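Q: Next input, structure requested:
(one chain, ligands or ions: 1)
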Amino acid sequence: MSVSKNIYELTAMANTVKKIAYDSVSVVERDATRAFQYSFLNKQLKKCGGSSMWSDAMAKAEAARHGAKIGGAVNQRRMYSTNSFSHPSELTPEQNMLNETQRTVSKDVIGVKKPAEFQMSLSEVPSTRLARIFHYGSLAAGMGLGAATQGIKHYASGNKSSISMKSLILSPQNIERMAKKFSKMRGAALKIGQMMSFQDLSILPAEIQQILLRVQNSAHYMPPGQLERVMVKDLGNNWRERLFTSFDDVPVAAASIGQVHNAVTEDLTPVVVKVQYPGVVDSIDSDLNNLLTLLTASAILPAGLFLDKTIANARVELKWECDYIREAQNLIRFRDMIQDDPVFEVPRVFHNLCGEHVLTMERMRGLEITKGNWDQKTKDWIATNIMRLCLLEIKHFKFMQTDPNWANFLYNESTGKIELLDFGAAREFGDEFIENYILILKAAIKKDREKIAHYSKKLGYLTGLESPAMTDAHIDSILVLGEAFSPIDNKGVPFNFKDQTITDRVRGNVGIMLSERLTPPPEETYSLHRKLSGVFLLCARLGATVPCEDLFKEIIGHDYD
Ligand SMILES: Nc1ncnc2c1ncn2[C@@H]1O[C@H](COP(=O)(O)OP(=O)(O)OP(=O)(O)O)[C@@H](O)[C@H]1O
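A: Below is the predicted model:
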């Protein structure tokens, strides 16, 4: 490949870099980023021996024009670049090597970084809209530069094969970059990660799955001053002395919307206090827009996902999650619904210790269900009950805790109960939706393709104008969903999730479903399917055998009544 071809590809790459960055950043950030790109790319191009498309003079002129802003950007970058949480042992040798390379490369640009380490670390949540735009903008620019650097290295090493923009964008360095930035931003970025990891895992590129996993395992929490401001605003001055016997400064969990502290009330009841990160609620809209631009402009997400609808759904759920008053009401409602159930426990809310951004509830003592070293019988019992609860939520409660994150289910060995957490995204389903959805499920367990198509149209899942291939793919995926519950498949034998291939087979149909679907799925199915697939994955993770057919018969019934 000739030098001019290399330069041509680099130019194209640079244009994409600019597009990603420009689409995502504000005007102020844009100027700084542009100057940044010019000088950096110019330097890299010179290093690899190609003739520079941005001459020194041009770079200098740009640098002079934007000098002050560049200085500001570099300083901010230096300041923010010291937060790191990934442990090198979590990464492959190649990733570690690449990270080392990235550190060397980034030295040129942003100053020296601290070595990566995994621990709960303090980091201020960017809380103003401008600060958040800066972070997304710098991420976009960083990713673009990362891609350009990789491309330059590729050609400079004498490699003549061409390389796709997508593989450059999804380089290990950029994955690391995104995981770190999303963890710092928290809020929308983290939540989207969580949502997608259950809902759309099968259709996301493996690299994105890797980011989501990393982001979910991150552990940043607010510095004391930021925490104090939120607490004073909601609970008043001297809240600590007035309301608690003790309050642990270091949280036990730092999640997407808030962090969770152990505390003890005045009457010595152990509680947890969930404190929301400031600015998270106000930035949902702009964060989501920035994320959407970043992911689509960089071609990271595949086309045809009805992404707008997914994001619109995420927007609603995120706003729910930030509404701690709504979450408290959900906790009370769910606690009431399961009060006679011998298996489940929902924490009690302490109204006098709550506010708009502070939610105090009874501290549960169980252990996350995937973390205990229990015998298979206990695991089967846990999985069976979680599946039972899911069917109860559909048929009887018409109200569902829709976040199937494994951390939201605890098993308390001493009480023999399963404790349920996180009702932020709990939601109601209308009678009509549930009625039609159940009819689809019933048709699925009877393998009645015509009825699946019929009720899918009624529910708005199909328009009736789809290609036969699309209709077949849709019906096949619904049939797969019903398999665990079907008397035809199971004949009274409990379903073994250890050997199931359900998730893989649904994945097989996804390509055609996405490219040929004419209408986005009904809004309710986003959270419902997230929950269902989460419960399936959970049962698989526990290697459980679950009498799904019996549970379905008992709770939902097999007949079209
Ligand atoms: N009542 C409780 N008792 C004990 N631990 C709790 C309780 N509530 C929350 N936690 C701990 O805090 C973690 C985060 O809480 P929760 O899931 O409610 O917050 P969140 O902001 O909705 O988190 P995420 O973004 O992960 O969904 C839980 O996984 C659990 O470890």
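Q: what about the chain, any weak spots by pLDDT?
A: Within the chain, the set of residues satisfying pLDDT under 70 comprises 1-172, 174-176, 178-179, 181-219, 291-310, 503-518, 560-561.
Q: hmm, 50 instead?
A: Where the chain drops to pLDDT under 50, the residues are 1-10, 13, 17-18, 20-119, 198-203.
Q: What residue in it comes nearest to the ligand?
A: Nearest to the ligand in the chain, going by Cβ to the nearest ligand atom, is residue 255, at a distance of 3.0 Å. Where you see a C-beta, it was placed from the backbone N, CA and C, and this is true even at glycine.
Q: What is the burial count for that residue?
A: Using other Cβ atoms under 10 Å, residue 255 has 24 other residues around it.
Q: Quickly note the distance from it to residue 445.
A: 36 Å (Cβ to Cβ, to the nearest Å).
Q: so where do the strands sit in the stretch 301-450 of the chain?
A: 344-345, 358-362, 367-368, 399-400, 409-412, 417-420, 427-428 (DSSP state E, counting those that start in this stretch).
Q: which one of the ones you listed has the most crowded surroundings?
A: Neighbour counts (mean count of other Cβ atoms under 10 Å) averaged over each of the strands of the stretch 301-450 of the chain peak at strand 358-362, with a mean of 23.
Q: what's next to that strand, contact-wise?
A: For strand 358-362, the external contacting residues (Cβ atoms under 8 Å, 6 or more residues apart in numbering) are 230-231, 234-235, 258, 263, 265, 269-276, 324, 327-328, 331, 347-350, 353-354.
Q: re the thing from before, may I see the strands of the stretch 301-450 of the chain arranged in JSON lines, with distance to the ligand as well?
A: Output for those, formatted as JSON lines (distance: least, Cβ to the nearest ligand atom, whole Å):
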{"stretch": "strand 344-345", "distance to the ligand": "10"}
{"stretch": "strand 358-362", "distance to the ligand": "5"}
{"stretch": "strand 367-368", "distance to the ligand": "7"}
{"stretch": "strand 399-400", "distance to the ligand": "15"}
{"stretch": "strand 409-412", "distance to the ligand": "7"}
{"stretch": "strand 417-420", "distance to the ligand": "7"}
{"stretch": "strand 427-428", "distance to the ligand": "14"}
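Q: need the residues of the stretch 301-450 of the chain near the ligand, please.
A: 347, 361, 362, 363, 364, 403, 405, 407, 408, 421, 422, 424 (Cβ under 6 Å from any ligand atom).
Q: tell me which of those residues is nearest to residue 467?
A: The closest of these to residue 467 turns out to be residue 403 (Cβ to Cβ; 34.6 Å).
Q: Can you name the residues that contact that closest one?
A: Applying Cβ under 8 Å, 6+ apart to residue 403 gives the contacts 194, 422, 424, 425, 530, 531, 534.
Q: picking that back up, of the strands of the stretch 301-450 of the chain, which approaches residue 479 most closely?
A: So among those, strand 399-400 is nearest, using Cβ to Cβ, at 23.0 Å.
Q: And the contacts of the closest one?
A: 333-334, 337, 390, 393-394, 426-429, 527-528, 531.
Q: between the residues you listed, which is closest to residue 463?
A: Comparing these against residue 463 with Cβ to Cβ places residue 528 closest, at 20.2 Å.
Q: give me the element that closest one is part of.
A: helix 523-541 (DSSP states H and E).
Q: hang on, the earlier thing: please check the contacts of strand 358-362 and keep the buried ones.
A: For the contacts of strand 358-362, a burial check counting by 16 or more other Cβ atoms under 10 Å picks out 230-231, 234-235, 258, 263, 265, 271-276, 324, 327-328, 331, 347, 349-350, 353-354.
Q: Save the strands of the stretch 301-450 of the chain as CSV, and put in distance to residue 437 too.
A: As requested, these are exported to CSV (distance: least, Cβ to Cβ, whole Å):
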stretch, distance to residue 437
strand 344-345, 23
strand 358-362, 31
strand 367-368, 30
strand 399-400, 12
strand 409-412, 23
strand 417-420, 22
strand 427-428, 14
